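K.L.:
Next come a sequence and a model predicted from it.
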Amino acid sequence: MTQPVTLALVGGFLGAGKTTLIGAAVRRLRARGIDVGVVTNDQAAGLVDSALLAAAAPVEEVAGSCFCCDFDGLVAACARLQARGRPTVILAEPVGSCTDLAATVIAPLRRLHADRFRLAPYTVLADPLRLELYLAGDDGGFPAPVRHIFHTQLAEAALVALAKADLVAPERQAALRAGLARELPGAELLALSARSGDGVDAWLERILGAEGAAPRAVAVDYPTYAAGEAALGWLNADCALPACAAVGRGAWTRALAADLAARCAAAGLVVAHLKLLVEAGGGQVRAQLTGGAEGLDLSGDAPAAAPARLLVNARVAAEPARLEGLVRAALDAAAPGWRAREWRCFAPSEPRPVHRDR
């Protein structure tokens, strides 16, 4: 009899660091000789995350809706990974604005597919700054319904992982632990840093060592949840760029990300996350921004002389038309002659789960 594959969902709000953690986990698991696959998820195709993770492990993408609204799509993506190889572990990253996964995904998987999957404890990542704002009652500039999404994501987690812990002093970590214990009694908080590697092996041992507990019952107000998702403009674009005269694509990408952040700030718009991926001449540049320009993280480089491909994933608290105009203006300034190959800009539709087990 075939052993069930371990399926670990890694959730959390936009920009929490889910993809970075999954990438670090893939490298560690493969170093141990463990076959691993990844399922990414978004409201539209053209994910930067899928392109990045595909270099490290087999990736399948569920696009067009969240896992809860395309439950069969998640199961089918896992089946495709198993058909491509024999992964013993699958890491799945739900949409960052999605919540109620314990009732709409994890519990139905237990009920319908217990023979196929061993469900690891459900991990939800929290960005330290966003967690601090939440604990202080500050919505961080987002519309009020977004707070409900963040709260229910944390409340349903088996494990809350404090991401980017290398940037958080011990006394600040202690304050976050105390605040989370007050807000969500009984919550288990782990600190880790995918960048430095601290805590990642301990987290892997925790999620791979035992079957996840039954999902925690969480009250989700679906009209508020839907309003929180609809408050976010969503843009996925795949663009062709002409050769440029910059020193390198790294500098060009940094300038574009900074310009986009500045345009959002000038318009009073809060960036949930912005991801850019530039591929040119065999090189690759990745930029990720959460909040303002001071939160920019950039890696890699590529030659400027070669035409390039640019993927843009932007999640901003803005009307879609306003977000689209802002991104197009920034591209016009940065790369005259750019061309959109694929372009989608919208607000997520109301979540309608296939299953909801309580």
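P.N.:
On my side now, so go ahead.

K.L.:
K275 is in contact with D49, correct?
P.N.:
Yes. Using Cβ atoms under 8 Å, D49 is in contact with K275, at 7.4 Å. In short, each C-beta sits where N, CA and C put it, glycine included.

K.L.:
overlap in contacts of the two?
P.N.:
Residues touching both D49 and K275 (Cβ atoms under 8 Å, 6 or more residues apart in numbering): N313.

K.L.:
So V327, which state does it fall into?
P.N.:
Of the three states, V327 takes helix under DSSP: H, G, I helix; E, B strand; the rest coil.

K.L.:
That one and W343, how far apart?
P.N.:
Separation of V327 from W343 (Cβ to Cβ, to the nearest Å): 9 Å.

K.L.:
Give the residue from those two that has the larger number of neighbours.
P.N.:
Between V327 and W343, counted using other Cβ atoms under 10 Å, the more crowded position is V327 (24 against 16).

K.L.:
Pull out the buried positions in the helix or strand hosting A178.
P.N.:
A178 belongs to helix 170-183 when elements are defined using DSSP states H and E. Buried positions in helix 170-183, judged by neighbour count with 16 or more other Cβ atoms under 10 Å: 176, 179-180.

K.L.:
try stretch 281-292
P.N.:
Buried, per 16+ other Cβ under 10 Å, within stretch 281-292: 283-291.

K.L.:
Tell me the spacing between the nearest residue to A329 once chain neighbours are set aside and D301.
P.N.:
The shortest distance from A329 to any non-neighbouring residue, by Cβ to Cβ, 6 or more residues apart in numbering, is to R263 (7.0 Å). Look at R263 and D301: by Cβ to Cβ, they are 24 Å apart.

K.L.:
Please enumerate the strands of this structure.
P.N.:
With strands called from DSSP state E, the chain shows them at 5-12, 36-42, 59-63, 89-92, 117-119, 123-126, 159-162, 189-191, 233-241, 271-280, 283-289, 296-301, 308-316, 339-346.

K.L.:
can you pull the contacts of the nearest residue to R339 once chain neighbours are set aside?
P.N.:
Sequence neighbours aside, A240 is the residue nearest to R339 in space, at 4.6 Å (criterion: Cβ to Cβ, 6+ apart). A240 sits next to 307-310, 338-339, 341 when contact means Cβ under 8 Å, 6+ apart.

K.L.:
show me where pLDDT drops low in the chain?
P.N.:
Residues of the chain that meet the criterion pLDDT under 70 lie in 1, 211-215, 245-247, 291-294.

K.L.:
tell me the domain ranges of it?
P.N.:
Domains of the chain are assigned by automatic domain parsing as 5-228, 232-346.

K.L.:
need those in CSV with distance to H355, can you?
P.N.:
Conversion of the domains of the chain to CSV gives the following (distance: least, Cβ to Cβ, whole Å):
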stretch, distance to H355
domain 5-228, 4
domain 232-346, 24
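
K.L.:
hmm, back to that, for the helix holding A178, name the packing helices and strands.
P.N.:
Applying 3 or more Cβ pairs under 8 Å, 6 or more residues apart in numbering; DSSP states H and E, one finds that helix 170-183 contacts helix 128-135, strand 159-162, strand 189-191.

K.L.:
one more time with 10 Å
P.N.:
Packing partners of helix 170-183 (3 or more Cβ pairs under 10 Å, 6 or more residues apart in numbering; DSSP states H and E): helix 128-135, helix 145-156, strand 159-162, strand 189-191.

K.L.:
Now distance to S65 too, for the buried residues of helix 170-183, in a markdown table please.
P.N.:
A markdown table is the format used below for these (distance: Cβ to Cβ, whole Å):
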| residue | distance to S65 |
| --- | --- |
| L176 | 32 |
| G179 | 33 |
| L180 | 30 |
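
K.L.:
which one of these is nearest L7?
P.N.:
Among the buried residues of helix 170-183, L180 lies closest to L7 (Cβ to Cβ), at 25.8 Å.

K.L.:
ok, that closest one touching L131?
P.N.:
Yes. With contact defined as Cβ atoms under 10 Å, L180 reaches L131; the gap is 7.3 Å.

K.L.:
Need the overlap of contacts for the two.
P.N.:
The contact sets of L180 and L131 overlap at 154, 160, 162, 189 (Cβ atoms under 10 Å, 6 or more residues apart in numbering).

K.L.:
list the contacts for the second one?
P.N.:
For V160, the contacting residues are 12, 123-126, 131, 153-154, 176-177, 180, 184, 187-191, by Cβ under 10 Å, 6+ apart.

K.L.:
Of these, just the buried ones, PyMOL syntax please.
P.N.:
Buried subset of the contacts of V160, written as a PyMOL selection, criterion 16+ other Cβ under 10 Å:
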select buried, resi 12+123+124+125+126+131+153+154+176+180+184+187+189+190+191
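
K.L.:
sorry, back to before: ok, now which ones touch the residue nearest to A329?
P.N.:
Each residue near R263 by Cβ under 10 Å, 6+ apart is listed here: 269, 325-327, 329-330, 333.

K.L.:
Burial-wise, tell me which of the helices and strands packed on helix 170-183 comes out on top.
P.N.:
Burial of those is given as mean neighbour count (mean count of other Cβ atoms under 10 Å); strand 159-162 ranks first at a mean of 24.
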